[in-house]
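Colleague: pasted the sequence and its predicted model underneath.
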Amino acid sequence: MPKHKVRADELRKMSKEERERLLREWRRELITLRHKARAGILEDTARIRELRRNIARLLTIMREEELGIKRGEKAR
């Protein structure tokens, strides 16, 4: 599970199964971090924001694939 901003091109290179697995992991981690934040024991508060953005990025790529939209390719 990467602890950094994941680039869209990295996500596009993954298989559909890998992306779905990663989405489940990130959602599970986000729930855990939210519980820790409520309890006041969360040390890295920026991780919540980072995870939310990574999840949004991943969902966007999955939706683009579902609609057949080609992104990330340079125009020639």
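Modeller: That came through, no problem.
Colleague: which residues of this protein score low on pLDDT?
Modeller: 1-3, 72-76 (pLDDT under 70).
Colleague: all helices of it, in order?
Modeller: With DSSP state H applied, the chain shows helices at 8-13, 16-39, 46-67, listed in chain order.
Colleague: give the contact list for the residue nearest to R53 when sequence neighbours are not counted.
Modeller: Leaving aside its sequence neighbours, R53 sits nearest to K5 (CB to CB, 6 or more residues apart in numbering; 7.2 Å). Any C-beta I mention is one placed from the backbone N, CA and C, and that applies to glycine too. Taking CB atoms under 8 Å, 6 or more residues apart in numbering as the criterion, K5 is in contact with E50, R53, N54.
Colleague: relative to M14, how far out is K5?
Modeller: K5 sits 16 Å away from M14, taking CB to CB, to the nearest Å as the criterion.
Colleague: okay, now W26: neighbour count?
Modeller: Other residues within reach of W26, judged by other CB atoms under 10 Å, total 19.
Colleague: OK, contacts around it?
Modeller: With contact set as CB under 8 Å, 6+ apart, W26 has these partners: M1, L51, N54, I55, L58.
Colleague: buried stuff in stretch 13-32?
Modeller: R19, L22, L23, W26, E29, L30 (16 or more other CB atoms under 10 Å).
Colleague: check stretch 49-59 too.
Modeller: E50, L51, N54, I55, R57, L58.
Colleague: name the nearest residue to R27, sequence neighbours excluded.
Modeller: Beyond its immediate neighbours in the sequence, the residue positioned closest to R27 (CB to CB, 6+ apart) is I55, lying 6.7 Å away.
Colleague: and the gap between that neighbour and G40?
Modeller: Counting by CB to CB, the gap from I55 to G40 is 24 Å.
Colleague: and the gap between I61 and R47?
Modeller: Relative to R47, I61 is positioned 21 Å away (CB to CB).
Colleague: perfect, I'm done here.
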